[in-house]
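with the input below, show me the fold.
(one chain, ligands or ions: 1)
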Amino acid sequence: MAERSLRGMRIGTNSLETENGVRFVARHKIYYVCPNNHEFAISLVLDAQAPPMWECRCGQKAHLRDSEEETTEKATKPARTHWDMLLERRSEEELKELLNERLELLKAGKLSLHPKR
Ligand SMILES: [Zn+2]
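Alright, predicted model coming up:
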């Protein structure tokens with residue numbers, strides 16, 4: 001199975017934004033904006049230090065937007081990452097297999113490493 005070669009490689013599973021099984025401690029949202037004008041928010045537990053930069057989904061470094069903070073004592077839906085969305089459609093097992101297939105193709109030189117965007 002695909003597992004063998006991927007051992008020790010965990011992709012995205014440590015995301016800050018897991019929706020399931022999260023206990024709602026006090027969180028606040030930190031807003032970032034990247035050079036391409038993508039705005040997004042991450043939510044941090046209240047006593048966590050917000051990093052001044054965060055990598056945007058487009059790969060650019062997004063900067064902390066002002067110091068605007070919203071305290072949410074209620075559970076708000078966290079921004080979903082592409083990874084989260086993927087996981088809604090596929091199990092991690094399936095993803096591992098897909099990834100492996102792609103890796104095989106890559107190694108065989110059948111894929112280009114230049115994603116659009
Ligand atoms: Zn961006």
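
which strand or helix spans Arg80?
Using DSSP states H and E, Arg80 sits within no helix or strand.

and the strands in the protein?
For the chain, the strands defined by DSSP state E occupy 27-33, 39-45, 53-55, 61-72.

what's near enough to touch Leu44?
If you count contacts by C-beta atoms under 8 Å, 6 or more residues apart in numbering, Leu44 has them with Leu16, Arg27, His28, Lys29, Ile30, Ala50. In this view, the C-beta of every residue, glycine as well, is placed from N, C-alpha and C.

try it again with 7 Å
Arg27, His28, Ile30, Ala50 (C-beta atoms under 7 Å, 6 or more residues apart in numbering).

gap between the second one and Glu39?
His28 sits 16 Å away from Glu39, going by C-beta to C-beta, to the nearest Å.

the two: who's more crowded?
The residue with more neighbours, out of His28 and Glu39, is His28; 18 against 12, by other C-beta atoms under 10 Å.

name whatever forms a beta bridge with that one.
Counting by DSSP bridges, His28 is bridged to Leu44, Thr71.
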